[in-house]
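S.K.: I would like the atomic coordinates for the input below:
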Amino acid sequence: MLVFRVKRLIKLGAKSLWMHRLRSILTSLGIIFGVCSVIAMLAIGEGASREAQEQIARLGSRNIIVKTVKPPEEQSASGQESERVSVYGLTYDDAEHFRNTIPDVEVVVPVRRIMQQVWYRNRKVAIEVIGTIPWYPEISPVELKQGRFLSSIDLHYKRGICIVDESVINGLFVVDEPIGKHVKIKGNYYRVVGVVSSAGPVELEPSMPIGRPAPETTGGGVVGNIYIPLTTFRAVFGELSAQFSGGRESIQKVELQEIIVKVTSMERVLTTRDILDSLLSRFHEKKDYQIVVPLELLRQAARTKRIFSIVLGSIAAISLLVGGIGIMNIMLATVTERTREIGIRRALGARRRDIVVQFLSETVMLTLTGGLVGIALGSLIPYLVTHFVNMPTVVTGISLVLSFGISALVGITFGIYPAYRAANMDPIESLRHE
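M.R.: Now for the predicted structure:
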């Protein structure tokens, strides 16, 4: 009996909506665009958030990155620069202090970087040369693909060997096997002994860390990374770099651009960060370092994601609200048009709740249909955004359920008043209505 009544209600509601097809379609557009915008905005926000979190996660949740930064320029009493050579930043002694003083430290990796051009036969690409030690893969997302990484013997004898990442291979070794080949960097030849995966760019700051020598390449951007022993890097490139600012040349001496510290557990990350800061402040008179904790960045990214999702969802919910108001407006007009029909039904024995259910079912059918169409379009738009704009998007099941549930709630909420208004009409006055 219940199933028969439900089928009858659906049939009557569909028949009523079909009689005014154009009006029904136009009315449901508000719900369609509202649901579509909710899903699309949440998908774009989720995609951007996951991409940012993946980049930060690649730095390691147990890592602490200490970077060299250039302190504010000190001026002499006469207003001129007091020294021609500016000495600042992290030192090899700092790395030794970290390794020997802090008990929770598992690995300490000093890093030097410089932008250069690498040659192989008649081909050249712009790369970043990274001078480091054999334990670098323990704190980095790079993965060995072929050959080997650096060894202690390479470090001790300052060998002219290098490890290239896959991006460099695509630019230099088009058809040749890279292992065993020699590449040229700043007049020196390095034998390729290994291939690692591309780490990819991870931007923690809007600009390149100050203290890194200026790129010597022009145009095209950096293709990838080449890793050489830190001792070889120090012997070849030295610690001095020249920079031009305001027509003046300044010489800067920086021993290390970066020291990456890996602690024993995530619970010790923040405590170790404070110890590092205290230790560095004791040996550095100037604030020429910056401590970056990827774990904190991950937590901050998660908080930002929640705020971003709430803001986007609220903006999209306004479209649903407008659509709900449009539905209420149309249903009130429908009640006025069907006043005589309501009177006839009441005269034939229909109860008030029957009238309420009839009009409410029409409203719910209208919103649910709009919700389903909106879900289809909302799932399609993120795909198009990813395909044409190359922006990552993620459509989650929660966003689909949430948007569909909101559309149904909007239909019920904004349909109740017109339905009760129809049910409370005087049957006699309704029959007199022309």
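S.K.: any figure for the gap between Asn100 and Phe173?
M.R.: Using CB to CB, to the nearest Å, one gets 41 Å for the distance from Asn100 to Phe173. C-betas here are computed from N, CA, C, even on glycine.
S.K.: quick one: which of the two has more around it?
M.R.: Comparing Asn100 with Phe173 by other CB atoms under 10 Å, the one with more neighbours is Phe173, at 19 against 9.
S.K.: and that one, what does it touch?
M.R.: Residues in contact with Phe173, defined by CB atoms under 8 Å, 6 or more residues apart in numbering, are Tyr120, Lys181.
S.K.: quick check: phi and psi at it.
M.R.: When read as degrees, to the nearest 10, the backbone of Phe173 gives phi -100, psi 80.
S.K.: ok, then the element right after the biggest helix by length in the chain?
M.R.: Criterion DSSP state H: the longest helix present in the chain is helix 294-337. Downstream of helix 294-337, the first helix or strand assigned by DSSP states H and E is helix 339-347.
S.K.: in that next one, which residues are buried?
M.R.: Buried residues in helix 339-347, counted by 16 or more other CB atoms under 10 Å: Thr339, Glu341, Ile342, Gly343, Arg345, Arg346.
S.K.: chain neighbours aside, what residue packs nearest to Ala14?
M.R.: By the measure of CB to CB, 6 or more residues apart in numbering, the closest residue to Ala14 outside its immediate chain neighbours is Met365, 6.8 Å from it.
S.K.: so which strand or helix has the one you found?
M.R.: Taking DSSP H and E as the criterion, Met365 maps to helix 352-389.
S.K.: map the structural domains onto the sequence of the protein.
M.R.: Annotated domains of the chain cover 2-55+301-432, 63-264 [automatic domain parsing].
S.K.: which one of these lies closest to His284?
M.R.: Closest approach to His284 among the domains of the chain is made by domain 63-264 (8.2 Å; CB to CB).
S.K.: point out where this protein drops to low pLDDT.
M.R.: 1-13, 56-57, 73-83, 200-221, 242-249, 313, 316, 432-434 (pLDDT under 70).
S.K.: cutoff 50 now
M.R.: Applying pLDDT under 50 to the chain flags residues 74-82, 202-220.
S.K.: so where's the longest strand in the protein?
M.R.: Counting by DSSP state E, the longest strand found in the chain is strand 105-120.
S.K.: output it as CSV - backbone C-alpha positions only.
M.R.: Listed next in CSV are the C-alpha coordinates belonging to strand 105-120 (Å, rounded to 0.1, in the frame of the first residue of the first chain):
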residue,chain,number,x,y,z
VAL,A,105,69.9,13.8,15.6
GLU,A,106,70.1,10.7,13.3
VAL,A,107,71.7,12.3,10.1
VAL,A,108,73.3,15.6,9.4
VAL,A,109,73.8,16.5,5.7
PRO,A,110,75.6,19.7,4.6
VAL,A,111,74.7,21.0,1.2
ARG,A,112,76.3,23.4,-1.3
ARG,A,113,74.4,24.6,-4.5
ILE,A,114,75.3,26.5,-7.6
MET,A,115,73.6,27.1,-11.0
GLN,A,116,75.8,26.1,-13.9
GLN,A,117,75.7,24.8,-17.5
VAL,A,118,76.6,21.2,-18.2
TRP,A,119,78.0,20.0,-21.5
TYR,A,120,77.9,16.6,-23.1
